[in-house]
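Chemist: requesting a structural model of the entry that follows:
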Amino acid sequence: YREKIRDQIRTRRLVSVMVRNKVVVTEEEVVAFYDEHKHEILDRGSVQVSLIITETESLAEELRGKINSGEISFAEAARAHSIGPEAQNGGNLGEFELADLGQEWQDALAAVENGQAAAPFPMEGGFALVSKTELVNDGELALDSVRDQIFQQLHNQKMDMYMTEYLATLRNKAILEIKL
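Modeler: As a prediction, the model looks like this:
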């Protein structure tokens, strides 16, 4: 059994070496990939998040209406009505990477302008009202900051392509004798 595993490992290494020598990713390919996909290569940025947790959805909706109409600030509403951990701090949770937030939080924050309260959603302990104070660094990333990732992605794609071609060539050259 061990000898069979050793043979498989040797075979994989040999095939990998034979293929790896053919894989070349040029700077032009990296730049071309970046230019074609720069709209997909985004820094999602970070956001300053504030939170109000209420016991009932109706109170959350009432507070949302008052905040969005300018009758009361988010921080004032948090200090007066929130049962959340940062109530006395005006509900301010700090700065978070957007990607680190749950999908429900991301969706809620994306739907509102800075300083406005999003529609309440259920969470453990009650209903949450969230607000973003500031969105930082939202936009395209520079080529220099993603060059290595693009290079690795292109290298892996080419490696897979050449590996498939090489194995197909080996199969076509192989002489198989079928004994029934």
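Chemist: packing partners for the lengthiest helix in the chain?
Modeler: When every helix of the chain is counted residue by residue (DSSP state H), the longest turns out to be helix 143-173. Helix 143-173 sits against helix 2-20, helix 27-37, with contacts defined as 3 or more C-beta pairs under 8 Å, 6 or more residues apart in numbering; DSSP states H and E. Heads up, the C-betas are built off the backbone N, CA and C, glycines and all.
Chemist: for the longest one, buried residues please.
Modeler: Burial within helix 2-20, assessed by neighbour count using 16 or more other C-beta atoms under 10 Å, is assigned to Val19.
Chemist: same question, the shortest one
Modeler: Within helix 27-37, the residues that qualify as buried by neighbour count (16+ other C-beta under 10 Å) are 30, 33-34.
Chemist: now the longest helix of the chain: how far from the chain's centre is it?
Modeler: How far helix 143-173 lies from its chain's middle: 24 Å, per C-alpha atoms, centre = their mean, to the nearest Å.
Chemist: which neighbours does the lengthiest strand in the chain have in its sheet, and in what orientation?
Modeler: In terms of residue count, the longest strand belonging to the chain (DSSP state E) is strand 126-136. If you go by DSSP bridges, strand 126-136 pairs up with strand 46-54 (antiparallel), strand 121-123 (antiparallel).
Chemist: for that strand, what is the distance to the chain centroid?
Modeler: Per C-alpha atoms, centre = their mean, the centroid offset for strand 126-136 relative to its chain is 19 Å.
Chemist: okay, now Thr54: neighbour count?
Modeler: Close neighbours of Thr54, defined as other C-beta atoms under 10 Å, add up to 23.
Chemist: ok, what's across the strand from it?
Modeler: Beta-bridge partners recorded for Thr54 (DSSP bridges): Phe127.
Chemist: any idea which residue sits dead centre in this protein?
Modeler: The centre of the chain sits closest to Ala99, judged by C-alpha atoms, centre = their mean, with a distance of 4.9 Å.
Chemist: tell me the pLDDT at that one?
Modeler: With respect to pLDDT, Ala99 scores 74.
Chemist: let's number from 458 now, not from 1
Modeler: Done: numbering now begins at 458, and the last item shifts to Ala556.
Chemist: would it count as being in a helix?
Modeler: Yes: read with DSSP: H, G, I helix; E, B strand; the rest coil, Ala556 is one of the residues of a helix.
Chemist: where's it relative to Ile607, distance?
Modeler: Going from Ala556 to Ile607 by C-beta to C-beta, to the nearest Å gives 19 Å.
Chemist: cool, Val480 as well?
Modeler: Note on Val480: its distance to Ile607, by C-beta to C-beta, is 15 Å.
Chemist: settle it for me: which of these two has more neighbours?
Modeler: Taking other C-beta under 10 Å, Val480 and Ile607 do not tie; Ile607 has more neighbours (19 against 16).
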